[in-house]
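Asks: Mind looking at a prediction? Sequence and model below.
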Amino acid sequence: MRDRDEAGRPRNARPRDAYGRPLPRGATGIPTMPDDLSVTPVEALEQAQELLDADRPFHAHEVLEAAWKQAPEAERELWRGLAQMAVGVTHIRRGNGRGARALL
């Protein structure tokens, strides 16, 4: 079962590996992005690129997803597409070719 906040929204409470896979509770993982991450478009692109360069596509996806959720309606499809590309790379890194093809 996924952790949720008081309003019932899902939260990233479990530790994760470099590719975003959940680890057992109590394990040491790679820090994830805060659930309430707020970034400007420039910050989102810079952070996502740094994370992709560090082979952390799942975390880049989280940054791009935050930008997508904050973007004006006219820009949301762009941010959604960027976030989905990062998820596609995540699937590649996890060895999930089928998932990567579906997104990319």
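Replies: Looks like it came in fine. Please read these numbers as outputs of a predicted model, since none were measured by experiment. Residues are numbered from 1 along each chain as shown.
Asks: Only C-alpha atoms from now on, for both contacts and neighbour counts.
Replies: Fine.
Asks: Near P34, how many other residues are there?
Replies: P34 has 12 neighbouring residues, counting by other CA atoms under 10 Å.
Asks: To which secondary structure element is it assigned?
Replies: Assigned by DSSP states H and E, P34 belongs to neither a helix nor a strand.
Asks: Go ahead and list the helix or strand containing the most centrally placed residue in the chain.
Replies: Centroid check for the chain by CA atoms, centre = their mean gives E62 as the closest residue, at 2.4 Å. Taking DSSP H and E as the criterion, E62 maps to helix 57-70.
Asks: how about the next helix or strand after that helix: buried residues?
Replies: Later in the chain than helix 57-70, the nearest helix or strand by DSSP H and E is helix 76-93. Within helix 76-93, the residues scored as buried using 16 or more other CA atoms under 10 Å are 76, 79-93.
Asks: C-alpha coordinates for helix 76-93, PDB please?
Replies: C-alpha atoms of helix 76-93 as PDB (Å, rounded to 0.1, in the frame of the first residue of the first chain):
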ATOM      1  CA  ARG A  76       1.400  21.700 -19.800                       C
ATOM      2  CA  GLU A  77       1.600  19.300 -22.800                       C
ATOM      3  CA  LEU A  78       5.300  20.400 -23.300                       C
ATOM      4  CA  TRP A  79       6.100  19.600 -19.700                       C
ATOM      5  CA  ARG A  80       4.200  16.400 -19.700                       C
ATOM      6  CA  GLY A  81       6.100  15.300 -22.800                       C
ATOM      7  CA  LEU A  82       9.400  16.100 -21.100                       C
ATOM      8  CA  ALA A  83       8.400  14.200 -18.000                       C
ATOM      9  CA  GLN A  84       7.300  11.200 -20.000                       C
ATOM     10  CA  MET A  85      10.700  11.200 -21.900                       C
ATOM     11  CA  ALA A  86      12.400  11.000 -18.500                       C
ATOM     12  CA  VAL A  87      10.200   8.100 -17.500                       C
ATOM     13  CA  GLY A  88      11.000   6.400 -20.800                       C
ATOM     14  CA  VAL A  89      14.700   6.700 -20.000                       C
ATOM     15  CA  THR A  90      14.000   5.400 -16.500                       C
ATOM     16  CA  HIS A  91      12.400   2.300 -18.100                       C
ATOM     17  CA  ILE A  92      15.500   1.800 -20.300                       C
ATOM     18  CA  ARG A  93      17.800   2.000 -17.300                       C
END
